[in-house]
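*Asks:* have a look; sequence and predicted model below, questions after that.
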Amino acid sequence: MAGSLSTGAAPAAPLLAVEGLSKVYPTGKKALGGIDVMIDRPQLVAVIGSSGAGKSTFIRCINRLVEPTAGRILLNGEDIVALDRKGLRAARRRVGMIFQEYNLVERLSVMQNVLSGRLGYVGLMATLRWRFPPEDIAAAFALLDRVGLDGYHDQRADALSGGQRQRVGIARALMQRPDLLLLDEPTASLDPKTSRQIMRLVRELVAERQTPAIINIHDVALARSYADRIIGLRDGLLVFDATAGELTDEALTRIYGEEDWAPPPSEEDEDEPAAQPGKARAGLS
Amino acid sequence: MTAPSLSRAAPADWRAPSIFGGPGRRLALLALLVAYLVWSLSTLNVDTARVLAGLPRAWTILERMVPPDFTRWQILLTGMLESIQIAIAATIVGAVLAVPLGIAAAANLAPRPLYLVARGLMVVGRTFHEVIIAIFFVKLFGFGPVAGLLTLAFSSAIFLGKMLAEDIENMKPGPVEAVRATGAGFFQTFYCAVVPQVLVKTLGVLIYRLDSNLRHSTVIGIVGAGGIGQTLSASFSRYDFDFASAILLTIAALVAFGEWFSDWARRRLR
Amino acid sequence: MTAHQPTPPSVTPAPRAYPDHWERYSPRERMLQWLWTGGIALAAAWSVSALDIEWAFFADAHEQAADLIGRMWPPRWSYLPVIVQPLIETLHIATLGTLIAIVLALPVAFLAARNTTWNHGTWLVGRAILVFSRSINTVIWGLLFVAIFGPGPVAGICAVAARSVGFIAKLVAEAIEEVDAGQIEAVEATGARTLQVQAVAILPQILPVLIGTSIYRWDINVRESSVLGFVGAGGIGLLLYASINQFAWSQALVILMAILVIVIISEALSAYVRSRIV
């Protein structure tokens, strides 16, 4: 499908460059204090940090759901911060977003939710009548099949389980044929097994579609297992940026503050199976 | 209570707790009520003789009301139909006006100044009784159903707009954010994320409003704004009580039917 | 980091053709929608066409409105002392009417609740009172009571009471029907008489509903009594009607502002008291 054409083998400009991004809320709360991040190849980038470290603000600044105070965000060389409303809408089409609470429109069917990923490309009349081009509809069916929801298209979104809803959310984001995926705590409302399934799916999709993804995540073990690269935020500042394998206990202390990161001896047996395959995976990639 | 030796003996006196608080407070409330009654009844300028004359008079009126006179059913039917037409047209016009008003009065969609203007209009509009609004439209547009239509359209728009605004303010923000994040425009976001969330409830309110417009349309005729109220008012002033009772029964039947229909229709909405 | 796991060939089986057509609604649903839309359009057309709307009136409506506002402004504040007494009378009509309604509503509610009425016949009587009281607007009740008692606040009080009985009794009857049956059973099991059961097991449970509903109805009644004067049933409405008929617009504006104030205050008061009770 279309996603694979989006980038060539050797991109000239980096896919995404964030330069000096900062955000101060009207309340005076300083959420981000000058962040620089560059993503130059399709990879899964996990953003970790304690609650309130600015993870959510960071990811929402990238498609300007939150208006940045200063800095530049270059997507394929185009500065998103400088865009006017119309340009911003065009830029948002190229950035797919996946949310913690799925944020599906519950009274609409699965198909309508997936198709809403194409809203940026159809006119108002087509929206009113839910008429989308045939290739969009075929793509939607294909995506539903890909995320494992074949045959669910006429179900109403509020009839689905949490994991299924998140799959619809992923399909909606991918309908945009995005150049970049933003995932805001996509597994925080899911059980551990479903969380891993969703993370695996995201990882596969990043590889299949050659689309980079930035994912906010609380669960360090999940981040280690599935992410290619990990960014650590603390009090709105970037304190760690390296591959998942380099995330040492010392780095965790830098991100989260002082804490004994070694598994407690009494619980070693329970922790071992969960942690081990994660480490193995992180080493592989 | 204080001496430990007494603790064995069960208290012989017990009073039920009251939601009005202790016995002192209850007494105070009662005294307040009596004082209010004395004050209000003494300040009201009541023509006692006329009121006392009313009791036998009530009986005569009741006697003349039974049996109701349905022989002039054509006038009755015309008036009722006009009331129904006013109610339906006013609901539709009001609903159309309520959409922009409701959006303007939703704090999470509208810019602040627009929000304040819309909310202010709602506070003022809701305060005045339909009959007061009707008399102004009668002055502007003359006697007849147009004034009634505009009156009820105006108050429906305010009512429906307020309910819509509250629904919009209470909807989940997540889906709206998600649809906005796909690059959809304002109207697309509204249609795809806001409308599905508020539609069913709004339809319920709309049906409810049709029902209450039907009620109101029977009264605004009293100031000349069309509908059965005009006929009723005239029959009372002509001491035409058997016709008046026929009108009253018909209104009661229509309103009861309207209420039943509105309950039924709202139950059918999922 | 060196390489992403290449997509295994097994993930992409023989390419599958996906349907490229999808309809939100089935043909039947679509037809129903059209029928509804058509029905509503017909109703609208019928209503508007039969009303004989003189569209010419709309042409100069804005000028008339501007003219009206011009005549209203500035408000004639010297009129204020004259309306104080009628304003108080308006509040009295609302309050006394509501008080009478509370007293009458309680027996009606017990009559109209399925679990406390004696038999089907009494239930029907209770329901009939509810329907009739609620179906007739306060102002129309006013017409009737003015015919009986002559013009004045007594007719207004009766009108407010007559309309409010049904309103209060309906909500209280619903509360009675939702009363916890176990508690009634327990009191019945002690051998209490019906009236005792109602007083001990039911009344405490519905008292908050009764009070809350009455206060709510009171603030509606303040609004209603502001127009009762239009039919001669006392209160500020009488002066408003007279002022408008004499084209004393700046005077009418003072009255309107006064009504605005007392209605908003009573609404706020009612909301505050109800929030304290519940």
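*Replies:* Arrived safely.
*Asks:* from chain A, how far out is the most centrally placed residue in chain B?
*Replies:* The centroid of chain B falls nearest to residue B:212 when counting by Cα atoms, centre = their mean (6.3 Å). Per Cβ to the nearest Cβ, to the nearest Å, residue B:212 is found 26 Å from chain A. No exception for glycine: its C-beta is placed from N, CA and C like everyone else's.
*Asks:* before we move on, which element is that residue in?
*Replies:* Element membership of residue B:212, judged by DSSP states H and E, is helix B:195-217.
*Asks:* now do the strands in the chain.
*Replies:* Picked chain A for this. Assigned by DSSP state E, chain A shows strands spanning A:16-24, A:30-39, A:44-48, A:70-75, A:78-79, A:95-98, A:180-184, A:213-216, A:229-234, A:237-243.
*Asks:* where in the chain is pLDDT low?
*Replies:* In the absence of a named chain, chain A is used. A:1-12, A:265-285 (pLDDT under 70).
*Asks:* look at chain C instead
*Replies:* Judged by pLDDT under 70, the stretches of chain C that qualify are C:1-15, C:278.
*Asks:* what's the helix or strand for the residue positioned nearest the centre of it?
*Replies:* Centrality entry for chain C: nearest residue to the mean C-alpha point is residue C:220, 7.1 Å, by Cα atoms, centre = their mean. Per DSSP H and E, residue C:220 falls inside helix C:203-228.
*Asks:* buried sites along the helix or strand following that helix?
*Replies:* Counting by DSSP H and E, the next helix or strand C-terminal to helix C:203-228 is helix C:237-245. Using 16 or more other Cβ atoms under 10 Å in any protein chain shown as the test for burial, helix C:237-245 gives C:237-241, C:243-244.
*Asks:* and which of those residues is nearest to residue B:131?
*Replies:* residue C:237 (8.0 Å; Cβ to Cβ).
*Asks:* wait, what's in contact with that closest one?
*Replies:* Contacts of residue C:237 were listed using Cβ atoms under 8 Å, 6 or more residues apart in numbering or on different chains, and they are C:90, C:225-230.
*Asks:* give me the buried subset of these.
*Replies:* Taking 16+ other Cβ under 10 Å as the criterion, what is buried in the contacts of residue C:237 is C:90, C:225-230.
*Asks:* how many residues are close by the closest residue to residue A:210 other than its chain neighbours?
*Replies:* Using Cβ to Cβ, 6 or more residues apart in numbering or on different chains and skipping the chain neighbours, the partner closest in space to residue A:210 is residue A:42 (4.4 Å). Residue neighbour count, defined by other Cβ atoms under 10 Å in any protein chain shown, stands at 23 for residue A:42.
*Asks:* surely residue A:42 meets residue A:205?
*Replies:* No. At 10.1 Å, residue A:42 and residue A:205 do not qualify as touching, with contact defined as Cβ atoms under 8 Å.
*Asks:* common neighbours of those two, please.
*Replies:* Any residue near both residue A:42 and residue A:205 by Cβ under 8 Å, 6+ apart counts here, and that gives residue A:211.
*Asks:* what residues does chain A have near chain C?
*Replies:* Along chain A, the residues adjacent to chain C under the rule Cβ under 8 Å from any Cβ of the partner chain are A:42-43, A:109, A:111-112, A:130, A:132, A:134-135, A:137-142, A:145, A:153, A:204, A:206-208, A:228-229, A:243, A:284-285.
*Asks:* enumerate every residue touching the residue nearest to residue B:203 when sequence neighbours are not counted.
*Replies:* For residue B:203, ignoring the flanking residues on the chain, the nearest one in space by Cβ to Cβ, 6+ apart is residue B:269 at 5.7 Å. Listed by Cβ under 8 Å, 6+ apart, the contact partners of residue B:269 are B:200, B:203-204, B:207.
*Asks:* now with 6 Å?
*Replies:* Contacts for residue B:269 (Cβ atoms under 6 Å, 6 or more residues apart in numbering or on different chains) come out as B:200, B:203-204.
*Asks:* then residue B:204?
*Replies:* By Cβ under 6 Å, 6+ apart, the neighbours of residue B:204 are B:266, B:269.
*Asks:* rerun that using 10 Å as the cut-off
*Replies:* B:163, B:262, B:265-267, B:269 (Cβ atoms under 10 Å, 6 or more residues apart in numbering or on different chains).
*Asks:* including pLDDT, could these go into TSV?
*Replies:* Formatted as TSV, the contacts of residue B:204 follow (pLDDT from 0 to 100):
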residue	pLDDT
B:163	93
B:262	87
B:265	86
B:266	84
B:267	86
B:269	78
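*Asks:* and the residue in the stretch 151-270 of chain B positioned nearest to chain A, its phi and psi?
*Replies:* Closest approach between the stretch 151-270 of chain B and chain A, counting by Cβ to the nearest Cβ: residue B:183, at 3.2 Å. Dihedral angles phi and psi of residue B:183 (degrees, to the nearest 10) take the values phi 100, psi 20.
*Asks:* distance of it relative to residue A:62?
*Replies:* The gap separating residue B:183 from residue A:62 is 14 Å, by Cβ to Cβ, to the nearest Å.
*Asks:* quick one: common contacting residues for those two?
*Replies:* Shared contacts of residue B:183 and residue A:62 (Cβ under 10 Å, 6+ apart): A:91, A:95.
*Asks:* what about the residue in the stretch 151-285 of chain A that chain C sits nearest to, distance to chain B?
*Replies:* In the stretch 151-285 of chain A, the residue that lies nearest chain C is residue A:207 (4.3 Å; Cβ to the nearest Cβ). From residue A:207 over to chain B the distance is 23 Å, taken as Cβ to the nearest Cβ.
*Asks:* so that residue touches residue A:226, yeah?
*Replies:* No. If you go by Cβ atoms under 10 Å, residue A:207 and residue A:226 don't touch, sitting 11.4 Å apart.
*Asks:* how about the helices in the stretch 101-250 of chain A?
*Replies:* Secondary structure of the stretch 101-250 of chain A (DSSP state H, counting those that start in this stretch): helices located at A:110-115, A:124-129, A:134-146, A:162-175, A:192-209, A:220-226, A:249-256.
*Asks:* now do the buried residues in the fifth one.
*Replies:* This means helix A:192-209. A:194-199, A:201-209.
*Asks:* residue contacts, residue A:220?
*Replies:* A:46, A:48, A:230, A:232, A:244, A:247, A:252, A:255-256, A:261, A:278.
*Asks:* buried only: go through those for me.
*Replies:* Buried by 16+ other Cβ under 10 Å: A:46, A:48, A:230, A:232, A:244, A:247, A:252, A:255-256, A:278, out of those.
*Asks:* which one of these is nearest to chain B?
*Replies:* Using Cβ to the nearest Cβ, residue A:46 is the member of the buried ones among the contacts of residue A:220 that lies nearest chain B, at 19.9 Å.
*Asks:* residues touching residue 29, list them.
*Replies:* This is for chain A. Taking Cβ under 10 Å, 6+ apart, we find residue A:29 in contact with A:23, A:52, A:54, A:57, A:236.
*Asks:* if you could check chain C rather than the one you did, that'd help
*Replies:* Listed by Cβ under 10 Å, 6+ apart, the contact set of residue C:29 reads residue C:23.
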